[in-house]
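Participant: could you look at this predicted model? Sequence included:
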Amino acid sequence: MDVAAYDLLKKKYSLPDFSLLDSEFEISAIESDAFVLKNVCKKIGEKIERVISVIEKLIQPAAECYADFYEYKFFRNAERDALFVLFKELMHTHREILELELIEDEKAYAEFIKRVFVDWKEMKKSLLPVFSKLKSVWKETAEEKEKLEYLG
């Protein structure tokens, strides 16, 4: 994506800096300079989809997938309840992108980008401990965790 094309829209709608959006949502990977804001929203949607996919498996793992079920065991009900709240927020955001694609309004895309950029920073604060825990569970065994829960 041509930074100059984005910068014109940035000025018009008071959007976040290109470099900040790029570091969060990899918008420099957008190949076309057409429909700049629509394509930025699509990149935001791609990242949100990846996160939704992981959280969804922690809330309701697929029985046929060992990795999903293994990770699920390491989260308590209260943690899954908190994840569901975050899941709902992410799903709302993702569905909003789909709605925007039907509306096709540049100003609406711009307002969405501004809001989600701020919201994403807060969501990341909630997501980072989850993903850190997911990484660490692969160094433990489920049996050890279950014993600790029973003793604790």
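Facilitator: Received the coordinates, thanks.
Participant: off-centre distance for the helix or strand where Leu86 lies?
Facilitator: Using DSSP states H and E, Leu86 sits in helix 77-103. With CA atoms, centre = their mean, to the nearest Å as the basis, helix 77-103 stands 9 Å off its chain's centre.
Participant: run a quick neighbour tally on the closest residue to Glu111 other than its chain neighbours.
Facilitator: Setting aside the residues directly before and after it, Glu111 is nearest to Tyr13 in space (CB to CB, 6 or more residues apart in numbering), at 7.7 Å. The way it works is simple: take the backbone N, C-alpha and C, and place the C-beta from them, glycine included. Using other CB atoms under 10 Å, the number of residues around Tyr13 comes to 15.
Participant: check Cys41 too.
Facilitator: Using other CB under 10 Å, Cys41 has 24 other residues around it.
Participant: pretty sure it sits against Ala110.
Facilitator: No. Counting by CB atoms under 8 Å, Cys41 does not reach Ala110; the two are 9.6 Å apart.
Participant: how close does Ile103 get to Leu37?
Facilitator: Going from Ile103 to Leu37 by CB to CB, to the nearest Å gives 12 Å.
Participant: who has more neighbours, the two?
Facilitator: Taking other CB under 10 Å, Ile103 and Leu37 do not tie; Leu37 has more neighbours (21 against 9).
Participant: alright, I will stop here.
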